[in-house]
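Participant: Provided below are the primary sequence and the corresponding predicted coordinates.
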Amino acid sequence: MKLPIFVDVEGMRVLVIGGGEEGYKKSKRFLDAGAEVTVLSLEFSPEIIALGRSSKSLKLLRGDARDRDLLEKLVRDSDIVISALNDEHEIDSVVIDLARRYRKLYILAGDARRTQCGMGIEGSSGDIRFAIYTDGKSSLVSMEARDRVAKFLDSQKDLHVMLKLLYKMKSALRERGIPADTRIEIHREVFKDQTFRVMALKGDEEGAWARLCEIVRTKTGIDLGSG
């Protein structure tokens with residue numbers, strides 16, 4: 001079973017096998033996230049060539065993925081391995097074998113059944129980020145589901161108010177040296193407080209913050225102020 005995990009890939013070394021459309025998409029996503037990407041392929045699409053010209057973090061390596069020695073060296077030197085070759089099950093099998101041997105994460109773009117990691121369709125609403133994953137059944141359905149979820153979250157103004165103020169509170173308490181267990185207790189109490197929630201639901205950020213500060217003062221004696 002795959003667990004949904006958001007991973008900071010900045011500075012990670014990513015090997016993408018395949019220089020076509022899927023290789024381009026995967027390369028761009030990882031480059032945008034700050035990874036260093038090497039693409040192994042016999043041929044490269046115009047899009048991925050243009051991407052290579054515009055990014056110093058992308059290396060295009062002309063070579064054959066069927067060359068076991070070459071592939072093994074590249075897998076060994078990478079953190080994440082992506083096979084962007086559709087229906088190349090033999091190469092995918094080699095990728096799985098090598099990635100497991102060297103304990104690397106691997107993604108098979110054309111084989112959701114055997115892939116170790118699945119890349120969901122990302123979405124966001126304000127500071128809320130999420131991803132939709134359907135085990136490779138349909139990326140089009142995933143994209144529509146993402147759009148519907150984002151539209152729904154956009155309408156939930158109270159969630160955005162609570163998220164902003166609770167994070168502000170947590171940061172302030174951490175700066176003042178309040179222990180983690182106390183911060184968690186206060187966070188839960190504020191989150192469940194009906195006055196706080198009603199203010200957030202009305203979009204009254206100032207009123208919600210005032211109620212939050214009242215709870216914090218009662219619990220800790222600390223005045224977070226009106227800022």
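Facilitator: Perfect, I can see it now.
Participant: how about the helices in the protein?
Facilitator: 21-32, 46-54, 68-76, 89-101, 139-155, 157-175, 180-192, 194-202, 205-220 (DSSP state H).
Participant: please identify the most buried of the ones you listed.
Facilitator: helix 21-32 (a mean of 19; mean count of other Cβ atoms under 10 Å). No exception for glycine: its C-beta is placed from N, CA and C like everyone else's.
Participant: from the contact counts, what lies against that helix?
Facilitator: Using 3 or more Cβ pairs under 8 Å, 6 or more residues apart in numbering; DSSP states H and E, the elements in contact with helix 21-32 are strand 13-17, strand 36-41, helix 46-54, strand 80-83.
Participant: Serialize the helices of the chain to CSV and add fields for distance to Tyr133 and mean pLDDT.
Facilitator: Listed next are the helices of the chain as CSV, based on distance: least, Cβ to Cβ, whole Å; pLDDT from 0 to 100:
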stretch, distance to Tyr133, mean pLDDT
helix 21-32, 14, 96
helix 46-54, 25, 95
helix 68-76, 24, 97
helix 89-101, 19, 95
helix 139-155, 7, 97
helix 157-175, 22, 97
helix 180-192, 27, 96
helix 194-202, 30, 97
helix 205-220, 33, 96
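Participant: so which of the helices and strands packed on helix 21-32 gets nearest Ile186?
Facilitator: strand 80-83 (38.3 Å; Cβ to Cβ).
Participant: now the closest one: mean pLDDT?
Facilitator: Averaged across strand 80-83, pLDDT comes to 97.
Participant: one step back: Ser83 is nearest to which of the helices of the chain?
Facilitator: helix 89-101 (4.9 Å).
Participant: tell me the spacing between Ser54 and Thr38.
Facilitator: Using Cβ to Cβ, to the nearest Å, we find Ser54 at a distance of 16 Å from Thr38.
Participant: repeat that for Val14.
Facilitator: From Val14 across to Thr38, the span is 7 Å (Cβ to Cβ).
Participant: what's the answer for Glu21, then?
Facilitator: Using Cβ to Cβ, Glu21 is found at 18 Å from Thr38.
Participant: for Leu224, list the residues it contacts.
Facilitator: Taking Cβ atoms under 8 Å, 6 or more residues apart in numbering, we find Leu224 in contact with 169, 172, 212-213, 216-217.
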